[in-house]
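In: with the input below, show me the fold.
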Amino acid sequence: MIPQTASRLREQIARFSGRLSVGLCKPARRFVSEMVYGIQARQSVRLSEVGRSLNEPIPLAKTETRLSRNLARPELRSAIGDALVSEGACRVGGDTLLVLDLSDITKPYARKMEHLARVRDGSAGGLGMGYWLCQVIGVECGGNEITPLYGELYSQDAGDFVSENDEILKAVHMVSDGVDNRGVWVVDRGGDRGALYDEFVPVENGLRFIIRQKGNRRLLSGRRKASTLEIAEGCPLPYATTVVREDKGQEKVFKIEYGFREVRLPKHPAVPLWLVVVKGFGREPMMLLTNVPMRKKRDLLWWTASAYITRWKVEETIRFMKQSYGLEDVRVLTYERLKNMTALTTAAMFFASVVLGVKMKLAVLASHVLKAAKRIFGIPDFRYYAIADGIKAVLTRFAPFKPDTKTHKTNNGQLLLFDT
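Out: All right, here's what the predicted structure looks like:
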């Protein structure tokens, strides 16, 4: 059974890689196929490790040199990015959450990597040297199935860098255009910025959003102007519930109260917005600004709060990308190669989480157990780690690399590992 599964797995990687590289030249198509296979087979972004997975009858140094040369192709990133959005668009519905997240890749010992810049190390706290990551992940409210739609590395010290707002809006435009403005954008406190509201609030743009508030933004509530925290403190909270959150095997019970106020932004006074207020998770209330119309309906109000809480789960996706594929271990020196490697790693993550996901039979995963979440607000065991481990084991033992440079049609949304 395993050899047959391995053959099908290798075939699906080749087909997926072919769709990613439509429009590229033959050497570039071969390179994309090799990289997607190698990153999966070795769970590494090191070119030496990818080269070992290919088992070419030439010195490894020659293989690594060829991979490095192709990794510098400037057309790779845009081709792969467009293809991923196209692949994932069929999984984005009207209420699918589009979680936009800014994180970092730290390189504390690097000295010669191009455009190294100071970043805020989210793991250790404080500042360090590295690069920023802007990612967009699709997920259903309360769900666990992720769809990586966008992944871009950038540095504020690069010559083509404009601003952080520009990087965020580039992600919003690319994904929104690719999914025909479907979905609801969900952003953490870092999204509480005027440039983003100028894009999200205008009705003619057709975008829906939920953005957590810092608390100091001035909003119009009725005839008065006040900060979001002041409005939240005076907001009636007619609804209540009890939430059990599981974290590292421990259960915590939260008694939650929630409600909303209609508000407006001073810069966009004609557009009604709603401030959803949730008390019970911490000292200060959780404040969510949204243009999703609120009514005095408990389910709709709680859906909005649940949408943001679902975003907490997606943070595990960032760890998955860094840990299972060793993205922070990337060792290429030039900025173009770094950006292309990030795009290829996002593609590898897409393959594991979307192309396979729950489609892969448990026999492939050997001793790994995929556990379901017991609570909608718990942090479930992230089964994609097990899937990535299973792919590596199968490819290493039973599926040596075979190049496929054929041109493939775009995804029709029906790709299955065990199709007939």
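
In: what's the single longest helix in this structure?
Out: Secondary structure of the chain read by DSSP state H shows that its longest helix is helix 298-324.

In: specify the angle between the helix or strand following that helix and helix 298-324 in degrees.
Out: Using DSSP states H and E, the helix or strand that follows helix 298-324 in sequence is helix 335-350. If you take axes from the mean of the first three to the mean of the last three C-alpha atoms, to 10 degrees, helix 335-350 sits at 120 degrees to helix 298-324.

In: in helix 335-350, what counts as buried?
Out: Buried positions in helix 335-350, judged by neighbour count with 16 or more other C-beta atoms under 10 Å: 335, 337-350. All C-beta atoms are positioned from the backbone trio N, CA, C, and that covers glycine.

In: which among the residues you listed gets closest to residue 237?
Out: residue 349 (38.9 Å; C-beta to C-beta).

In: need the pLDDT of the closest one.
Out: Predicted confidence (pLDDT) for residue 349: 88.

In: repeat that for residue 126.
Out: pLDDT, residue 126: 80.

In: not counting its neighbours along the chain, what's nearest it?
Out: residue 120 (7.5 Å; C-beta to C-beta, 6 or more residues apart in numbering).

In: same thing with residue 150?
Out: residue 136 (3.9 Å).

In: next: residue 121.
Out: residue 128 is the one closest to residue 121 (C-beta to C-beta, 6+ apart), at 4.2 Å.

In: how about that neighbour, secondary structure?
Out: Under DSSP: H, G, I helix; E, B strand; the rest coil, the three-state class of residue 128 is strand.

In: quick one: the helix or strand where residue 52 lies to helix 335-350, angle?
Out: If you go by DSSP H and E, residue 52 is part of helix 47-54. Orientation check (the same axes, to 10 degrees): helix 47-54 against helix 335-350 gives 50 degrees.

In: okay, the angle between the next helix or strand after helix 47-54 and helix 47-54?
Out: Heading C-terminal from helix 47-54, the first helix or strand you meet, by DSSP H and E, is helix 60-71. Angle, helix 60-71 to helix 47-54, by the same axes, to 10 degrees: 110 degrees.

In: residue 138 and residue 182 touch, don't they?
Out: No. Residue 138 is beyond contact range of residue 182, at 9.7 Å (criterion: C-beta atoms under 8 Å).

In: who has more neighbours out of these two?
Out: residue 138 (26 against 18; other C-beta atoms under 10 Å).

In: who does that one form a beta bridge with?
Out: Counting by DSSP bridges, residue 138 is bridged to residue 98, residue 147.

In: what residues are up against it?
Out: Neighbour list for residue 138: 88, 91-92, 96-99, 146-149, 183 [criterion: C-beta atoms under 8 Å, 6 or more residues apart in numbering].

In: can I get those residues in TSV including pLDDT?
Out: TSV is the format used below for the contacts of residue 138 (pLDDT from 0 to 100):
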residue	pLDDT
88	95
91	93
92	96
96	96
97	96
98	97
99	95
146	86
147	92
148	92
149	95
183	97
